[in-house]
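With the input below, show me the fold.
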Amino acid sequence: MSFQAGLKAFFRYWGAVNLKRRCKMGSKGIFSTLVKEYIYFSLMVGFIVVMTSIFYQNLADRNTKTIFSELMTPVISDNMDYKKIKIDSIEEIDGWVEILDRDKQVVFVKGKKRDGIQKYTDTELFGHTDPMDEKNQYYYSVTPFFYGNKQLYCVVKIPNDRISFLPSVINPPLKFWKVVFYIVLQAAVLFFILYGVNIYFYSRRNAKKIGRPLTLITEGLLKMNKGRLDTRLDFTAEYEYEKIRNAFNYMAAALEKTEREKEQVEESKKRMLVDISHDLKTPMTTIQGYSKALYEGLIDDEKQVKKYLKFIHDKSIRVSTLIDDLFTLSKLDNPEFPMVQEECDIGEFVREIIAEHYEQFEEKEMRLSIDIPKRKIIYKVDKKLLYRAITNILGNAVKYNPKHTNVYIKVRKLPDSIQIEILDNGIGIPGEIATNLFEPFFRGDKSRNEDGGSGLGLAITKRIVELHKGTLALDTNPERGKTKFVLTFPL
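As a prediction, this is how the structure comes out:
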C-alpha cells in the first residue's frame, strides 16, 4: 500500500469518526475551548479596565483638588487691596468672590453673587471646601489674610452645576484642560500596556495549546512519509485534535499491517516460484531422460519400454495437474472471476459427493460416519467450485491417512450460518504445519517428494470458500478425532 493509499484510508476513517456522537467522547471540543478562552480574555480585559479606572479616578481626584485649589484662590496677599483683585477665570464659570470680616460677615462682593448668605457660621464656611463633595450646592475656597490691622477672609464660590469631576469643567481654563489631558494620557498608556501584556500571554497560551498537537501531527506525518510506519501519536487535546490523532493512528496501523502483508505476499511469491520450479523440474527431468532413452533406442526390452512410457505418462499427468491447479488458483484470485451461483440443498449436495467417493473410502477400509439432517438446507453456491473444495478435503483424508481411519462428516444449520465439518482420527496435522497449511505450494514434507500433492489443493479450497463469503478453519484438537476442517457460510 502506498502512502497516498494510506491517506485515503485516513480520510475514510475520518469521515466515519465524524458520524459518531460527540457525547461519547470525554474531551472538550475546540468550540468550548474557544468560548472558555474568550471568557478568560474578556475577564482579563475587564480587570484591566477596572484597574485603569481606579487609577484614573485616583489621579483625577488628586489633580482636581489641586486645580480647584489654584482656580478658586485669587491672587491675594496681606495688605493687598481686595477690591482690585482679578477674578476673570472665576467669573467665566459663574463664580464670585466674597470678603468676610472677622465675624464671618460679608463686607464686599466681587462678581455676581448668586445666593443670599450675608453671614456664615464656621460649619457653613468650612463645610463646603471639599470640591469632591457632591452634596454641596457651591464649592468654597477660604483664604484668611490681613488688611491693615484687620483679619479678613477671602471666599471664592463656584456653583455645583458648573463643574463635573470626570473631570470636565464647563468653560474651563486652559490649564485645567492640560491637566485633564495629562490624566487621560496616563490612564490610556497604563491601559494599553496592560492590554498588550494580556494579549501577549493570552496568545502564547493559546499558541502552545493549539500549536502543540499540530506540531506532533506534522512530525508524525513526516515520519510516515519517510517510511516509519510504526509511528503513533500520543497526546491529549481537544476533541477535534483527538479525532485526528485516532484517525492518524488508524491509518498508520492499516499501513503497517498492509506493508507486512505485502512483504509476506512478496515472500510467498518468491517461495512459490521456487516451489513451482522444483515441482515442474523434477517430473520434466524424468520425462526428458526417459523419452531420450526411448528415442535413442537404448531400451530394447518391450516391458522396459512400457515401463518408461508409463513413467512419462504419469509425470506428464502430474505436470498437467500442477499447471491446472496453478491456473485455477490464479483465476480464483482474480477479482472479476465469474461465479455461477444457484440455490442448492447443501445436505443433499454433500451426500452426492460422498456417494461418488465412497469407493475410495472402502478401498482403504475407512469407516465413514455421516450426520446430515433430512430437512433441506438451501444456500446459493457455485456447485462446481464447492464440489472441488469439498473433494479436496475428502481426497486428502483418504490419501494421507492410514487404513481403518474413522472419517466423520457433518452438515448443520445454525441461526446465522451453515457449517460443513469433515473430521478424522488419522495421523493429524502438527501445529507448526497447521499455521501455513492454506498457503499456496505448502506441503508437510519439506523434501517435497513426488508422492505428495501439488500443495495448491487447500489454498484453492480456502479461496473457493472465501468467494462464497465464508471461512475455512482447521481444528487440530477437536473433541473427537485429530483433525477437523470446518467450512462456514454466513446466512
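
okay, CA-based contacts and neighbour counts for the rest of this
Noted.

just how off-centre is the helix or strand harbouring I244 within its chain?
Assigned by DSSP states H and E, I244 belongs to helix 239-295. Here helix 239-295 is found 34 Å from its chain centre; the criterion is Cα atoms, centre = their mean, to the nearest Å.

for stretch 237-244, same thing?
5 Å.

and the gap between the most far-flung residue of the chain relative to its centre and V97?
Largest separation from the mean C-alpha position in the chain: N149, at 95.1 Å (Cα atoms, centre = their mean). Distance of N149 to V97, computed by Cα to Cα, to the nearest Å: 21 Å.

ditto for I39
55 Å.

out of the two, which sits in the busier spot?
A count of neighbours by other Cα atoms under 10 Å puts V97 above the other of I39 and V97, at 28 against 12.

tell me the mean pLDDT for stretch 236-247?
The average pLDDT for stretch 236-247 rounds to 82.

Just the buried residues of stretch 300-314, please?
V305, Y308, L309, F311, I312 (16 or more other Cα atoms under 10 Å).

would JSON lines of the residues you listed with secondary structure be doable?
Conversion of the buried residues of stretch 300-314 to JSON lines gives the following (DSSP: H, G, I helix; E, B strand; the rest coil):
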{"residue": "V305", "secondary structure": "helix"}
{"residue": "Y308", "secondary structure": "helix"}
{"residue": "L309", "secondary structure": "helix"}
{"residue": "F311", "secondary structure": "helix"}
{"residue": "I312", "secondary structure": "helix"}
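
could those residues be laid out in a markdown table, adding pLDDT and distance to V142?
Shown next, in a markdown table, are the buried residues of stretch 300-314 (pLDDT from 0 to 100; distance: Cα to Cα, whole Å):
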| residue | pLDDT | distance to V142 |
| --- | --- | --- |
| V305 | 84 | 151 |
| Y308 | 84 | 146 |
| L309 | 87 | 146 |
| F311 | 83 | 142 |
| I312 | 86 | 141 |
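
Of these, just say which sits nearest to S77.
Using Cα to Cα, I312 comes nearest to S77 of the buried residues of stretch 300-314, at 146.6 Å.

Make sure that closest one is actually in contact with G289.
No. Contact between I312 and G289 fails when scored by Cα atoms under 8 Å: they sit 9.3 Å apart.

Excluding chain neighbours, give the residue nearest to E343 in space.
Nearest residue to E343, sequence neighbours excluded (Cα to Cα, 6 or more residues apart in numbering): K380, at 4.1 Å.

what number of residues lie near the one you found?
14.

That one: which element?
Going by DSSP H and E, K380 is in strand 378-381.

mind listing the helices for the chain?
In the chain, the helices defined using DSSP state H lie at 3-18, 30-72, 88-91, 122-126, 174-225, 239-295, 302-332, 346-363, 383-400, 431-434, 457-467.

before we move on, back to that, quick one: strands adjacent to the strand holding K380?
strand 342-345 (antiparallel) (DSSP bridges).

so what's M44 up against?
For M44, the contact set (Cα atoms under 8 Å, 6 or more residues apart in numbering) comprises N198.

if we can go back for a sec, output the buried residues of stretch 300-314 in a markdown table, with distance to I276 appended to each entry.
Listed next are these as a markdown table, based on distance: Cα to Cα, whole Å:
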| residue | distance to I276 |
| --- | --- |
| V305 | 29 |
| Y308 | 24 |
| L309 | 24 |
| F311 | 20 |
| I312 | 19 |
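
closest to E124 among those?
The closest of the buried residues of stretch 300-314, once distances to E124 are taken by Cα to Cα, is I312, at 142.3 Å.

and the residue nearest to that closest one when sequence neighbours are not counted, how many neighbours does it have?
Distances taken as Cα to Cα, 6+ apart place I287 nearest to I312, at 5.0 Å, with adjacent residues excluded. Neighbourhood size, I287 [other Cα under 10 Å]: 20.

pLDDT wise, what is I287 at?
At I287, pLDDT is 84.

Tell me if I'm right that it and S316 touch.
Yes. With contacts counted by Cα under 8 Å, I287 reaches S316, the gap being 7.4 Å.

Check the contact lists of those two and give me the overlap.
Contact with both I287 and S316 is made by no residue, according to Cα under 8 Å, 6+ apart.

which stretches of the stretch 301-450 of the chain have low pLDDT?
Residue ranges of the stretch 301-450 of the chain with pLDDT under 70: 441-450.

mind checking how far the residue farthest from the centre of the chain is from N79?
Distance from N149 to N79, by Cα to Cα: 9 Å.

now the stretch 1-150 of the chain, which segments are flagged as low pLDDT?
For the stretch 1-150 of the chain (pLDDT under 70), the answer is 1-38, 55-76, 129-134.

same thing but 80
For the stretch 1-150 of the chain, the stretches flagged by pLDDT under 80 are 1-79, 89, 126-136.

any idea how far stretch 291-302 is from the chain center?
Taking mean C-alpha positions (Cα atoms, centre = their mean), stretch 291-302 and its chain are 76 Å apart.

Just the C-alpha atoms of it, please, in CSV.
Taking C-alpha atoms only, stretch 291-302 is exported to CSV below (Å, rounded to 0.1, in the frame of the first residue of the first chain):
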residue,chain,number,x,y,z
SER,A,291,12.0,-40.0,-23.6
LYS,A,292,15.6,-39.5,-24.7
ALA,A,293,16.4,-43.1,-23.8
LEU,A,294,13.5,-44.3,-25.9
TYR,A,295,14.2,-42.0,-28.7
GLU,A,296,17.9,-43.1,-29.0
GLY,A,297,16.8,-46.8,-28.8
LEU,A,298,18.7,-47.5,-25.6
ILE,A,299,15.8,-49.7,-24.3
ASP,A,300,15.3,-52.9,-26.2
ASP,A,301,13.1,-54.8,-23.8
GLU,A,302,9.4,-54.3,-24.5
